[in-house]
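Undergrad: coordinates only, sequence not included:
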Ligand SMILES: Nc1ncnc2c1ncn2[C@@H]1O[C@H](COP(=O)(O)OP(=O)(O)OP(=O)(O)O)[C@@H](O)[C@H]1O
């Protein structure tokens with residue numbers, strides 16, 4: 001057998017009393033795409049942080065790169081010299097710099113030359129783009145690129161950083177912001193990369209189908225321990241789900257129809273024939289051209305579309321986090337022009353918004369979980385002049401329990417929570433206020449398979465309490481599982497409405513992919529959804 005590009009042995013990492021990694025042994029072969037799965041908080045990011053020198057592991061851990069032992073902890077930046085590089089979910093590109101500058105800046109700095117020849121650097125970047133058949137202009141500013149092109153550039157920048165020692169490229173949930181076709185391009189690039197037979201890829205993801213489709217083997221972490229490493233071709237999503245959450249809690253990904261049949265908590269919220277609680281009329285913004293829809297009491301309405309369709313714009317506009325040009329939002333009969341919406345006035349009207357980017361918009365990283373989750377109810381649980389610390393702590397504990405936020409320590413600093421647990425805490429923060437209209441963007445992005453089902457159950461409970469919910473997502477399976485109706489947007493307009501038997505992931509995907517083709521006007525209109533241009 002060939003020497004693995006990377007091997008770790010007996011790797012542990014303890015934070016205070018908590019063991020985030022517990023004696024992990026892992027091998028990644030040359031030419032291999034190796035999946036890494038695990039529940040939120042199971043230790044995946046901690047492993048990456050040890051491999052990139054952010055965290056010093058506990059004594060006794062071993063690391064080998066291309067068969068050579070490397071002493072731990074790694075010095076700052078040493079991982080790059082070893083031929084390890086990482087693409088994080090947020091991609092870490094500088095939008096105001098060009099593609100070439102982004103791709104070559106690390107090498108330019110490392111070369112310690114007094115003057116950097118950007119012309120030469122651009123040529124090198126262009127060569128790499130060409131070699132991997134990525135059709136992007138090296139001189140273009142990253143800000144001008146679409147999501148898929150940005151992800152491809154981020155991967156190629158990481159490839160440049162691998163240098164000659166080329167060992168391991170770590171992809172940490174790189175596809176969560178990508179449409180389907182972008183994901184295919186990305187994995188095409190990954191296959192090209194490992195075809196050199198000298199590089200391995202570690203792919204971290206919560207998408208079991210994606211992992212099985214694009215890896216040769218998968219390792220699963222549970223509570224910091226390596227649960228198993230399995231051959232991707234010989235396993236199923238159900239088996240992986242079981243390895244991730246354990247046999248008792250396993251929830252295989254399933255469609256809405258299947259869930260409805262079984263009465264599963266992840267099933268549909270209810271029939272779509274409800275009196276409208278919310279009306280949106282003629283919403284206009286630079287990329288939206290007259291979007292209108294109703295949402296019933298207890299209804300979950302999905303919004304989806306390709307990147308740039310406008311589906312991702314609707315929620316922040318309705319909430320007032322971004323400025324609309326026109327439109328009216330009616331909640332329980334009370335009308336408000338959308339351009340005058342502001343977050344504070346939205347909250348007073350019972351409108352809450354859970355954004356997709358929880359790190360940027362969802363919570364205060366330096367504050368405790370308790371501070372974060374009790375923010376919207378400070379006055380309710382105290383008085384104007386006096387906070388009631390015990391009531392706040394009790395509320396935070398209740399929310400952590402109900403929303404399964406781990407660790408169950410309200411005093412924990414929000415930024416130290418794993419990504420998925422941050423997401424659950426942000427949901428807890430907003431869903432506790434008894435909202436009338438819930439605006440949710442990608443609510444299960446970055447959460448594990450068990451937590452995903454748990455969140456679906458919570459959404460159902462909120463809907464059963466009578467809230468109207470609008471869920472913007474590009475996760476078709478999620479839309480099919482949770483929504484009563486789904487609207488497809490293209491070029492800033494609603495072009496289709498799906499309900500009943502059409503609510504399955506394949507049909508939604510078809511409609512979204514065909515949405516770029518011009519539609520006859522009648523087809524673009526639906527009984528409950530009108531558009532005006
Ligand atoms: N700096 C830190 N201080 C204290 N605890 C931490 C710190 N970083 C991580 N942890 C804890 O270590 C555990 C593992 O977290 P980690 O971020 O590695 O999980 P993960 O598998 O990446 O989860 P996710 O899928 O949600 O991103 C969690 O319980 C987390 O709260």
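TA: That came through fine. These figures come from a predicted structure and were not determined experimentally.
Undergrad: give me the three-state assignment for the closest residue to residue 236 other than its chain neighbours.
TA: Using C-beta to C-beta, 6 or more residues apart in numbering and skipping the chain neighbours, the partner closest in space to residue 236 is residue 212 (7.8 Å). The C-beta positions use only the backbone N, C-alpha and C, and glycine is treated the same way. With DSSP: H, G, I helix; E, B strand; the rest coil as the basis, residue 212 sits in helix.
Undergrad: likewise residue 372?
TA: Going by three-state DSSP: residue 372 is helix.
Undergrad: try residue 495
TA: Going by three-state DSSP: residue 495 is strand.
Undergrad: one more: residue 219?
TA: Relying on three-state DSSP, one would call residue 219 strand.
Undergrad: what separation do you get for it and residue 230?
TA: 8 Å (C-beta to C-beta, to the nearest Å).
Undergrad: got the residues of the stretch 351-500 of the chain near the ligand?
TA: Within the stretch 351-500 of the chain, the positions near the ligand by C-beta under 6 Å from any ligand atom are 407, 416, 417, 418, 419, 420, 421, 448.
Undergrad: which stretches of the stretch 151-300 of the chain form strands?
TA: For the stretch 151-300 of the chain, strands defined by DSSP state E, counting those that start in this stretch occupy the ranges 168-172, 200-204, 217-222, 225-231, 276-285, 288-296, 300-304.
Undergrad: residue contacts, the residue of the stretch 251-400 of the chain found nearest the ligand?
TA: Residue nearest to the ligand within the stretch 251-400 of the chain (C-beta to the nearest ligand atom): residue 369, separated by 10.0 Å. The contact partners of residue 369, by C-beta atoms under 8 Å, 6 or more residues apart in numbering, come to 396, 400, 405, 409, 410, 411, 412, 413, 414, 417, 425.
Undergrad: pLDDT weak spots in the stretch 401-533 of the chain?
TA: Scanning the stretch 401-533 of the chain for pLDDT under 70 picks out 516-533.
Undergrad: what pLDDT does the residue of the stretch 251-400 of the chain closest to the ligand get?
TA: Per-residue confidence (pLDDT) for residue 369: 90.
Undergrad: what does residue 379 give?
TA: For residue 379, pLDDT reads 66.
Undergrad: before we move on, what SS does the closest residue to residue 4 other than its chain neighbours have?
TA: Nearest residue to residue 4, sequence neighbours excluded (C-beta to C-beta, 6+ apart): residue 27, at 4.4 Å. Three-state call for residue 27 (three-state DSSP): strand.
Undergrad: enumerate the residues of the protein near the ligand.
TA: Near the ligand, when you scan the chain using C-beta under 6 Å from any ligand atom, you find 15, 18, 20, 38, 40-46, 407, 416-421, 448.
Undergrad: now do the domain split for this structure, please.
TA: Domain assignment of the chain by the TED database yields the ranges 4-245, 276-515.
Undergrad: and the end-to-end length of stretch 297-314?
TA: By C-alpha to C-alpha, to the nearest Å, the extent of stretch 297-314 from end to end equals 19 Å.
Undergrad: give me the mean pLDDT for that stretch.
TA: 90.
Undergrad: what do you get for stretch 134-141?
TA: Computed over stretch 134-141, the average pLDDT equals 90.
Undergrad: what about it, distance to the chain center?
TA: 26 Å (C-alpha atoms, centre = their mean, to the nearest Å).
Undergrad: can you get me the start-to-end distance on that stretch?
TA: 15 Å.
Undergrad: what residues of that stretch count as buried?
TA: 134, 136, 138 (16 or more other C-beta atoms under 10 Å).
Undergrad: and if you look at stretch 279-297?
TA: Buried-residue list, stretch 279-297, by 16+ other C-beta under 10 Å: 279-285, 288-297.
Undergrad: check stretch 504-511 too.
TA: For stretch 504-511, by 16+ other C-beta under 10 Å, it's 504, 505, 508, 509, 511.
Undergrad: dihedrals phi and psi, the fourth one?
TA: In this entry, residue 509 is assigned phi and psi values of phi -60, psi -50 (degrees, to the nearest 10).
Undergrad: ok so, going back, which among the residues of the stretch 351-500 of the chain next to the ligand count as buried?
TA: 407, 417, 418, 419, 420, 421, 448.
Undergrad: so can I have a markdown table of those showing secondary structure?
TA: What follows is these, written out as a markdown table (three-state DSSP):
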| residue | secondary structure |
| --- | --- |
| 407 | coil |
| 417 | coil |
| 418 | coil |
| 419 | helix |
| 420 | helix |
| 421 | helix |
| 448 | coil |
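Undergrad: host element of the residue of the stretch 51-200 of the chain found nearest the ligand?
TA: Nearest residue of the stretch 51-200 of the chain to the ligand (C-beta to the nearest ligand atom) works out as residue 55 at 7.5 Å. Assigned by DSSP states H and E, residue 55 falls within no helix or strand.
Undergrad: at the geometric centre of the protein, which residue sits there?
TA: By C-alpha atoms, centre = their mean, the chain has its centre lying nearest to residue 445, at 3.3 Å.
Undergrad: my read: that residue touches residue 422, true?
TA: No. Using C-beta atoms under 8 Å, residue 445 is not in contact with residue 422; the gap is 10.9 Å.
Undergrad: what's across from the closest residue to residue 335 other than its chain neighbours in the sheet?
TA: The spatially closest residue to residue 335, leaving aside those adjacent along the chain, is residue 328, at 5.5 Å (C-beta to C-beta, 6+ apart). Judged by DSSP bridges, the bridge partners of residue 328 are residue 281, residue 337.
Undergrad: what number of residues lie near residue 328?
TA: Counted with other C-beta atoms under 10 Å, residues neighbouring residue 328 total 16.
Undergrad: what's near enough to touch it?
TA: Counting by C-beta under 8 Å, 6+ apart, residue 328 has contacts 279, 280, 281, 282, 335, 336, 337, 338.
Undergrad: save the residues you listed as CSV, and put in pLDDT too.
TA: CSV is the format used below for the contacts of residue 328 (pLDDT from 0 to 100):
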residue, pLDDT
279, 96
280, 97
281, 96
282, 96
335, 94
336, 95
337, 96
338, 96
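Undergrad: what sits against residue 163?
TA: 80, 81, 83, 107.
Undergrad: ok, now residue 136?
TA: Contacts of residue 136 (C-beta under 8 Å, 6+ apart): 99, 129, 145, 149, 152, 153.
Undergrad: did I read that right, it in a strand?
TA: No. Assigned with three-state DSSP, residue 136 falls outside any strand and is coil.
Undergrad: in which helix or strand would I find residue 398?
TA: Going by DSSP H and E, residue 398 is part of helix 389-402.
Undergrad: so what does that helix touch, helix or strand wise?
TA: Helices and strands touching helix 389-402, by 3 or more C-beta pairs under 8 Å, 6 or more residues apart in numbering; DSSP states H and E, are helix 369-374, helix 419-431.
Undergrad: and those as a markdown table, adding distance to residue 31?
TA: Below are the helices and strands packed on helix 389-402 laid out as a markdown table (distance: least, C-beta to C-beta, whole Å):
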| stretch | distance to residue 31 |
| --- | --- |
| helix 369-374 | 42 |
| helix 419-431 | 29 |
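Undergrad: now the helices: where do they sit in the stretch 1-150 of the chain?
TA: 44-51, 78-81, 99-110, 118-131, 147-162 (DSSP state H, counting those that start in this stretch).
Undergrad: tell me the most buried of those helices?
TA: helix 44-51 (a mean of 24; mean count of other C-beta atoms under 10 Å).
Undergrad: tell me the average confidence for it?
TA: 96.
Undergrad: what does stretch 20-28 give?
TA: 97.
Undergrad: which parts of that stretch are buried?
TA: By 16+ other C-beta under 10 Å, the buried positions in stretch 20-28 come out as 20, 21, 22, 24, 26, 27, 28.
Undergrad: which of those sits closest to the ligand?
TA: Comparing these against the ligand with C-beta to the nearest ligand atom places residue 20 closest, at 3.4 Å.
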